[in-house]
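1. Sequence and predicted structure, then a few things I'm wondering about:
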Amino acid sequence: MGWLKLPYFIPIFIQIILAVYSLCYLFQNKCYLKLYYLFPVIVLILVSIGIFRGMFAVEGYWGYKGWLQCSLSALTFVLLFPLGNPSVSGKILQSWNKYIFLSFLFVGIWAMLPTSYVFHVPFTYNFYVLLFSIIINDSKARFIIICGIVCTLIGFENRSGVIKTLIGIFLCTTLWLPELLRKITNHTLHFAFYVIPIVLLVLGLTGTFNIFQDLSSVESTEVTMTFTGNDDEEVVVNEDLTADTRTALYEEVIASAIMGDYVLFGNTVGRGNTHNGEWSQDIEGYDDSERLMNEAMMLNIFTWMGIIGIILYTLMYLQASCLGIFCSRNKYIPVIACATAFHWAMSWMEEPTQFKPMDFSFFILLGICFSSRFRKMSDAEFSLWFRSCFASPQKLSAYDVFNRIRLALVVKHKMRQK
C-alpha cells in the first residue's frame, strides 16, 4: 500500500494553509477580544513562545523538519476558532457528506485488506454518533452511522476508536432522559471526566495504582496484523489488545524532563524527550536519541511546554466544557461539553494532533462549546442547523427553509449588535 503515501510536502503544505486560515480568522473576527476565548488566546501565546524558542534550539535538516511538525501539532487547536462559526462548520460538514459514501467504500475496503494496519473512521463519524438523536429519521444519516459502526468493528484493534464510539452512543442516549435527570447526568459525567484522570495520574505517579498495568493483567487478546513498512516491505505483527503501551512512555517522558531540567517550562516546541532507541531510525543525520512526539497528546504538551502548558491546556478544555454545560440555551451543547471533557481525558492516553481529518471532529466540539452563536441557539435552531448539514438547500422542506432564513437573520442581527 506504499502507493497510497503522499509526498511529505503535500500534507505539510495543507496543514500550513489550515493553520494560517485559522489564525487569520482569529484576528479578522477579533476573537482575542472576547472573554469566552480567554484561555485559547493564552494557550496560543504560550505556544507561539514555545515555537519561537524551539526555532533556536534545533539545527540541521532533521532538526527543522521536526520543529515544523511539532509546531503544526501544537497549533492544531486554533481550528476551534473558525469551527465555532455555524456557517464555516456547516459548510465543511455539507461538503464532507457529498463524498462520504465514496469515502466509506474506499476506506472500508482498504480496512479489510490484509496489508492494512489500523483503520480510523472518517472524522465526522464520531461527531454524528454524538448527536444521532437529531438525525435518526434521516436515511442518509442512518447509513453514515451504520457504515461507521461496521468500519469501527472491522478495525477493532483500534481500541480508542471503539471506546469513543461507545461513549458517543452513551452520551447520545442521555438526550432522551427527562430534563432534570439529563442535567444531573451531564454534570456528573462532566465532573467525572476531569477528576478520574487526575486521580489515576496521581495514583500512578505515587506508585499506588497503575491503571495501564492493571488492565494488561487480564487475559491477553492477540490479533495478527500485516502492514506496509519501510521500503514497501510487508511487516507481520502480533498485537495484544490488553497490553500496557503507556507506562513506559510516561516513565520515559517524566525521567527525561527531570534529567533535562525542563519540568516547569518544557523543552521548547521542536525538541522531544530522550528514549531508549526502540523507535530508532537508521538514517544519517537523524538523532535517534530523542523522540519528538508520543501517542498521548498531554505527554507532548508536557515535553514542549512543561507543567505550565499542561495547566493552561486543561484550563482551555475546562473553560470550553463549562461554557457548554452552564451557558447554553439548548440541550445539545451540554452533551457536546461532556464529549469535550472526555476528549481531554483521552488525551492522557492518545489523541496526538496535527491537522489530520480526525482532528476536525475533536475541535468542532471545542469550537461549538466556545461559540456564543451555537450556545444561544434554541433546541429547534440547533437541530435545524445540524440536519441542514445532511441535505442540500433544494431538498429542505419549505418549513425548514423558512426557519433557516430566520436563523440566519437572527445571527446577523446579533452580530450587528456586537
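-> Everything's here; your move. Numbers count the residues shown, from 1 in each chain.

2. Strands of the stretch 101-250 of the chain, start to end?
-> 222-228, 234-240 (DSSP state E, counting those that start in this stretch).

3. so Arg375 makes contact with Gly324?
-> Yes: between Arg375 and Gly324 there is a contact under C-beta atoms under 8 Å: 7.0 Å. Just so you know, the C-beta spots here come from the backbone N, C-alpha and C atoms, and that holds for glycine as well.

4. tell me, what's touching these two both at once?
-> Contact with both Arg375 and Gly324 is made by residues 333, 369, according to C-beta atoms under 8 Å, 6 or more residues apart in numbering.

5. Please identify which of those two sits among more neighbours.
-> Gly324 (29 against 22; other C-beta atoms under 10 Å).

6. Touching, that one and Ile333? I think so.
-> Yes: counting by C-beta under 8 Å, Gly324 touches Ile333, with 4.6 Å between them.

7. Find residues that contact each of the two.
-> Counting by C-beta under 8 Å, 6+ apart, the common neighbours of Gly324 and Ile333 are 368-369, 375.

8. quick one: which helix or strand includes the spatially most central residue of the chain?
-> Centroid-nearest residue in the chain: Phe362, 3.4 Å away (criterion: C-alpha atoms, centre = their mean). Assigned by DSSP states H and E, Phe362 belongs to helix 357-370.

9. Tell me which other helices or strands that helix touches.
-> In this structure, helix 357-370 packs against helix 80-83, helix 86-112, helix 123-130, helix 297-326, helix 332-346, with contacts taken as 3 or more C-beta pairs under 8 Å, 6 or more residues apart in numbering; DSSP states H and E.

10. returning to that earlier point: my guess is the residue nearest to the centre of the chain contacts Pro352. True?
-> No: here Phe362 does not reach Pro352: they are 11.1 Å apart, not a contact under C-beta under 8 Å.

11. Tell me where the model's unsure across the stretch 201-350 of the chain.
-> For the stretch 201-350 of the chain, the stretches flagged by pLDDT under 70 are 209-245, 276-288.

12. please redo it, this time with the cut-off set to 90
-> For the stretch 201-350 of the chain, the stretches with pLDDT under 90 are 201-253, 255-256, 260, 266-267, 270-296, 349-350.

13. can you pull the pLDDT of Gly367?
-> What the model reports as pLDDT for Gly367 is 94.

14. can you tell me how far it sits from Asn273?
-> Distance from Gly367 to Asn273, counting by C-beta to C-beta, to the nearest Å: 30 Å.

15. ditto for Ile136
-> When C-beta to C-beta is the yardstick, Ile136 and Asn273 sit 46 Å from each other.

16. what about the two, which has more around it?
-> Neighbour totals were compared for Ile136 and Asn273, and Asn273 leads with 25 against 11 (other C-beta under 10 Å).

17. Tell me if I'm right that that one and Glu290 touch.
-> Yes: Asn273 is within contact range of Glu290, at 6.9 Å (criterion: C-beta under 8 Å).

18. Let's have the helices and strands packed on helix 357-370 in TSV, adding distance to Tyr262.
-> Shown next, in TSV, are these (distance: least, C-beta to C-beta, whole Å):
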stretch	distance to Tyr262
helix 80-83	27
helix 86-112	37
helix 123-130	33
helix 297-326	6
helix 332-346	23
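
19. among these, which is nearest Ile51?
-> Ile51 lies closest to helix 297-326 among the helices and strands packed on helix 357-370, at 9.0 Å (C-beta to C-beta).

20. name the helices or strands packed onto that closest one?
-> Packed next to helix 297-326, using 3+ C-beta pairs under 8 Å, 6+ apart, are helix 38-55, helix 60-75, helix 179-205, helix 247-260, helix 332-346, helix 357-370.

21. Could you report the distance from the spatially closest residue to Ile16 that is not a sequence neighbour to Phe302?
-> Of all residues not flanking Ile16 in the chain, Leu72 sits nearest, at 7.1 Å (C-beta to C-beta, 6 or more residues apart in numbering). Distance of Leu72 to Phe302, given as C-beta to C-beta: 18 Å.

22. Would you report the backbone torsion angles of the residue nearest to Ser372 when sequence neighbours are not counted?
-> Of all residues not flanking Ser372 in the chain, Tyr36 sits nearest, at 6.5 Å (C-beta to C-beta, 6+ apart). Backbone geometry at Tyr36, expressed as degrees, to the nearest 10, gives phi -70, psi 0.

23. Same check on Val269?
-> phi -70, psi 120.

24. So what's the residue count around it?
-> Val269 has 32 nearby residues by other C-beta under 10 Å.

25. wait, Ala42 sits on Tyr313?
-> Heads up, residue 42 is Ile, not Ala. No: here Ile42 does not reach Tyr313: they are 10.2 Å apart, not a contact under C-beta under 8 Å.

26. Which one's more surrounded, these two?
-> Shown here are Ile42 and Tyr313; by other C-beta under 10 Å, Tyr313 has more neighbours (24 against 15).

27. so how far is Gly306 from that one?
-> 11 Å.

28. How about Val269?
-> Taken as C-beta to C-beta, the span from Val269 to Gly306 is 11 Å.

29. on that earlier part again, and the pLDDT at the residue nearest to Ser372?
-> With respect to pLDDT, Tyr36 has a value of 91.

30. same question, Asn85
-> pLDDT for Asn85: 92.

31. Next up, phi/psi of it, please.
-> phi -90, psi 120.

32. Contacts only, for Arg271.
-> Residues near Arg271 by C-beta under 8 Å, 6+ apart: 54, 57-58, 70, 290, 292, 303-304.
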